[in-house]
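Enquirer: sequence first, predicted coordinates after that:
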Amino acid sequence: MSKVLIIGCGGVASVAIHKCCQVPEVFTDICIASRTKSKCDKLAAELAPKTTTNITTAQVDADHVDEVIASSRAISPTS
């Protein structure tokens, strides 16, 4: 139903990502993006067996606007 880009993989973002994965009929695709892609990959691997939400990961530094714009365009999140 919707594709979401979540920037961040820390404590608060992880909780939000877990909650989104609990309603896969709403959040069909989630891309987790952070400066440290390995943290995103670890969380995605942890969630994959527990949800039907398609989870992808990306590396992006939110301090660099051009990276955020490029990631957003590549992922094409929808509402």
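Expert: Right, received. Where do you want to start?
Enquirer: only C-alpha atoms from now on, for both contacts and neighbour counts.
Expert: OK.
Enquirer: for H18, which non-adjacent residue is closest in space?
Expert: L47 (7.5 Å; Cα to Cα, 6 or more residues apart in numbering).
Enquirer: quick check, pLDDT for the one you found.
Expert: If you check L47, the pLDDT there is 97.
Enquirer: may I ask which helix or strand encompasses it?
Expert: Using DSSP states H and E, L47 sits within helix 37-47.
Enquirer: can you check what angle separates the next helix-or-strand element following that helix from helix 37-47?
Expert: For helix 37-47, the following helix or strand on the C-terminal side (DSSP H and E) is strand 54-59. Here strand 54-59 runs at an angle of 170 degrees relative to helix 37-47 (axes from the mean of the first three to the mean of the last three Cα atoms, to 10 degrees).
Enquirer: just the buried positions in the helix or strand following strand 54-59, please.
Expert: Remark: after strand 54-59, the chain's next helix or strand is helix 65-75, criterion DSSP H and E. For helix 65-75, burial by neighbour count (16 or more other Cα atoms under 10 Å) applies to V68, S71, S72, I75.
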